[in-house]
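1. sequence unknown, structure follows:
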Ligand code: ADP
Ligand code: ZN
């Protein structure tokens with residue numbers, strides 16, 4: 001009789017599945033989370049169906065015993081299928097995908113209570129600058145000593161000192177306290193007819209318990225959220241779980257408020273800002289099925305929901321759903337696959353659906369539900385272009401006269417204005433007037449961006465920062481540095497000069513770096529403590545401010561440079577999205593779009609409102625070029641700190657490229673971002689027809705090659721970024 005053995009996928013991306021012996025007295029099943037020995041170490045892993053993951057056969061006599069089974073629910077079969085699919089599709093090690101499912105290792109331990117710390121309000125007698133900084137940054141946050149130290153940017157010892165001084169105290173936390181249950185009947189809205197039809201279609205699909213993808217397509221403010229809330233209500237009544245994916249954690253807080261108003265309690269939140277105890281609690285409640293509604297960033301997609309009945313992807317066109325590190329996956333696409341494995345509907349909600357999604361609708365694979373108008377008769381804003389060549393702003397300024405007048409009028413009516421510029425900091429480039437020296441990041445092919453508020457030059461790719469120097473490091477000239485081009489901080493200076501009495505706020509990831517900061521911004525906007533908002537893309541989504549009636553786009557052309565295949569589409573989406581912030585209440589909204597190319601098709605479409613015409617032309621151009629979604633791309637990125645090693649490997653890969661009908665390999669060539677975080681980068685781009693199994697080709701191709709350990713080769717299937 002064969003010994004009871006188990007095939008285990010251990011959390012080590014360098015290893016394939018391994019076989020173990022199940023010792024007497026232990027029982028495991030596929031999905032069981034186990035602790036397995038590996039050399040002298042112990043690793044967490046998941047028991048897998050032996051016929052689904054191939055590995056080298058090992059004789060019974062060489063098997064080692066599993067050590068323990070974790071006190072946690074097993075990973076469900078649907079999620080195991082998703083892990084296999086994602087690993088296969090994105091050419092990633094299965095263990096790297098599985099790691100995202102087991103995102104809270106503390107959730108696997110039996111611990112039920114832990115000690116956290118929070119501020120008491122007591123001011124310590126000895127208030128060093130470090131202590132003051134810690135108290136200020138921690139605010140009313142709670143966490144482990146280490147977590148508070150990270151938040152505060154101080155050492156653990158400083159936090160312990162504050163505990164001893166009575167400024168921070170211990171709190172016992174019960175890790176298994178249950179989440180409240182949302183009430184589907186708490187405050188249902190009265191839907192308008194179009195909303196009702198869409199809501200009924202979604203609720204019926206939830207009840208049917210079958211895979212069905214939907215596109216919920218409606219202009220900003222048409223009530224998409226209200227509609228999918230009714231589908232959530234149906235899932236709640238049926239006792240099933242819902243996952244809502246949002247593109248940014250900054251959107252979580254406004255979402256929580258709305259959810260609370262509709263269902264009388266908050267959903268379970270999952271994002272990178274959670275502390276360890278919150279993570280553990282959420283993970284376990286999701287795994288037991290007790291967490292009924294989870295709202296999260298893309299990482300929430302791989303959690304072990306026990307009985308998922310509905311997936312919503314809000315703002316589904318957003319490119320932030322594309323993960324660019326580790327496993328390169330697109331959360332929108334993985335969400336659809338997850339729904340397939342879970343036998344449940346998935347709803348992609350968007351006012352500006354991606355061409356990929358529209359093509360699925362046209363092919364009859366996704367069902368489209370349309371909400372044609374804003375709820376309650378609010379009009380969509382009018383969009384007007386300002387030709388920066390014909391009507392330029394004065395020298396050294398960025399706001400054209402017509403936009404200045406519009407802001408004057410808006411302020412005079414007591415309404416709010418939003419100026420949109422998708423560029424953090426003060427200026428994107430700093431140079432020396434005396435010698436022409438430009439400040440470049442030593443680790444990246446990128447200019448250092450000036451952040452005047454903190455007196456730093458910062459690289460937006462690797463985070464490298466230096467104090468803004470007084471003298472040029474190249475020619476020693478003093479006070480000769482000039483800022484070139486605007487960032488939001490520079491626009492804020494211009495606003496302060498033009499409207500000294502207006503209350504302005506800058507909204508970027510530098511100022512809104514946590515859900516609590518986002519909530520504070522929403523409160524100040526709603527309380528009318530802000531007249532003019534100057535913001536990056538962070539402010540374009542989700543918010544609903546009835547008195548915001550004017551949107552000024554400072555540089556409509558910004559997204560068009562770079563020549564990326566989705567540049568026009570993305571520009572269209574982004575400007576429609578930010579335009580959607582205007583005129584959401586009773587007062588009509590107006591958008592002024594500053595551009596150097598008012599006749600470019602995307603600008604003309606924005607002004608005329610002819611979205612269908614624009615999309616039709618874009619789609620046709622993609623079709624003719626065999627670009628996605630009609631053909632496909634995969635990028636192979638070769639990087640190393642050693643330029644020659646990266647170059648050699650990239651060439652070797654290029655030389656051994658397979659010759660296949662329907663597939664063409666471009667490159668290698670230095671990547672546009674030729675250096676990133678100190679690594680030299682070379683790219684190959686594979687272009688293939690839809691019908692070709694491009695992953696299999698790449699797997700076979702790279703599988704025969706070897707490269708030095710200091711070279712990293714990563715594959716990006718369906719890339720969004722071409723740098
Ligand atoms: P979208 O998600 O399409 O941008 P929202 O769901 O955010 O639209 O709706 C926009 C605004 O209109 C919100 O303040 C929402 O509460 C309100 N609204 C939409 N539909 C209704 C309705 N049927 N009854 C009451 N308010 C509604
Ligand atoms: Zn850098």
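-> Received it, and whenever you're ready, just let me know what you need. All values derive from a computational prediction rather than experimental measurement. Ligands and ions are numbered 1, 2, ... in the order given.

2. Buried residues, the helix or strand residue 652 falls within. List them.
-> Using DSSP states H and E, residue 652 sits within helix 643-655. By 16 or more other C-beta atoms under 10 Å, the buried positions in helix 643-655 come out as 643, 645-650, 653-654. The C-beta positions use only the backbone N, C-alpha and C, and glycine is treated the same way.

3. Now do it: everything it contacts.
-> 636, 638-640, 665, 667-668, 679-684, 701-702, 705, 707-708, 710-711, 713 (C-beta atoms under 8 Å, 6 or more residues apart in numbering).

4. Generate a ChimeraX selection restricted to the buried entries among those.
-> Remark: buried members of the contacts of helix 643-655, expressed as a ChimeraX selection using 16+ other C-beta under 10 Å:
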select :636,638,639,640,665,667,668,679,680,681,682,683,684,701,702,707,711,713
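
5. for the helix holding residue 652, the distance to its chain's centre please.
-> Relative to its parent chain, helix 643-655 has a centroid offset of 32 Å by C-alpha atoms, centre = their mean, to the nearest Å.

6. got the angle for the helix or strand that comes right after that helix vs helix 643-655?
-> Next along the chain after helix 643-655, taking DSSP H and E as the criterion, comes strand 663-676. Here the directions of strand 663-676 and helix 643-655 differ by 170 degrees (axes from the mean of the first three to the mean of the last three C-alpha atoms, to 10 degrees).

7. downstream neighbour of strand 663-676 in the secondary structure list?
-> Downstream of strand 663-676, the first helix or strand assigned by DSSP H and E is strand 679-689.

8. For the helix or strand harbouring residue 146, name the packing helices and strands.
-> Using DSSP H and E, residue 146 sits within helix 145-152. Helix 145-152 sits against helix 129-138, helix 156-164, with contacts defined as 3 or more C-beta pairs under 8 Å, 6 or more residues apart in numbering; DSSP states H and E.

9. So what touches the first one?
-> Read it as helix 129-138. In contact with helix 129-138 (C-beta under 8 Å, 6+ apart) are residues 118-119, 123-124, 148-149, 151-154, 158-159, 161-162, 165, 167-168.

10. List only buried entries from those.
-> 118-119, 124, 148-149, 151-152, 154, 158-159, 161-162, 165, 167-168.

11. Please identify which of those is nearest to ligand 2.
-> residue 151 (24.4 Å; C-beta to the ion).

12. wait, isn't the closest one in contact with residue 143?
-> Yes: with contact defined as C-beta atoms under 8 Å, residue 151 and residue 143 form a contacting pair (7.1 Å).

13. Read off the pLDDT value for the closest residue in space to residue 302 that isn't next to it in sequence.
-> The shortest distance from residue 302 to any non-neighbouring residue, by C-beta to C-beta, 6 or more residues apart in numbering, is to residue 100 (3.9 Å). Per-residue pLDDT puts residue 100 at 93.

14. cool, the one 10 residues further on as well?
-> Here, the pLDDT recorded for residue 110 equals 67.

15. Ok, residue 45 next?
-> If you check residue 45, the pLDDT there is 95.

16. Over to residue 123?
-> pLDDT, residue 123: 87.

17. now the one 5 residues further on
-> According to the prediction, residue 128 has pLDDT 89.

18. and it, how many neighbours does it have?
-> 12 (other C-beta atoms under 10 Å).

19. The residue nearest to residue 525 when sequence neighbours are not counted in helix, strand or coil?
-> Counting by C-beta to C-beta, 6+ apart, residue 525 lies nearest to residue 545, which is 5.1 Å off, once chain neighbours are set aside. Under DSSP: H, G, I helix; E, B strand; the rest coil, the three-state class of residue 545 is coil.

20. contacting residues for residue 545?
-> Applying C-beta under 8 Å, 6+ apart, the residues near residue 545 are 416, 525-526, 581, 584.

21. Enumerate every residue touching the residue in the stretch 551-700 of the chain positioned nearest to ligand 2.
-> Of all residues in the stretch 551-700 of the chain, residue 677 sits closest to ligand 2, at 6.5 Å by C-beta to the ion. By C-beta under 8 Å, 6+ apart, the residues touching residue 677 are 443-444, 461-462.

22. if I look at it, how far off is residue 444?
-> 7 Å (C-beta to C-beta, to the nearest Å).

23. Which neighbours do the two have in common?
-> 461-462.

24. avg pLDDT for the lengthiest helix in the chain?
-> Criterion DSSP state H: the longest helix present in the chain is helix 193-208. Mean per-residue pLDDT for helix 193-208: 97.

25. and that helix, what other elements does it pack with?
-> By 3+ C-beta pairs under 8 Å, 6+ apart, helix 193-208 packs against strand 212-218, helix 224-237, strand 345-350, strand 367-371.

26. Do I have it right that residue 534 meets residue 499?
-> No: using C-beta under 8 Å, residue 534 is not in contact with residue 499, being 11.6 Å away.

27. These two: which has the busier surroundings?
-> Between residue 534 and residue 499, residue 534 has the larger neighbour count (other C-beta under 10 Å), namely 26 against 17.

28. Just the element for the more buried one, please.
-> strand 532-535.
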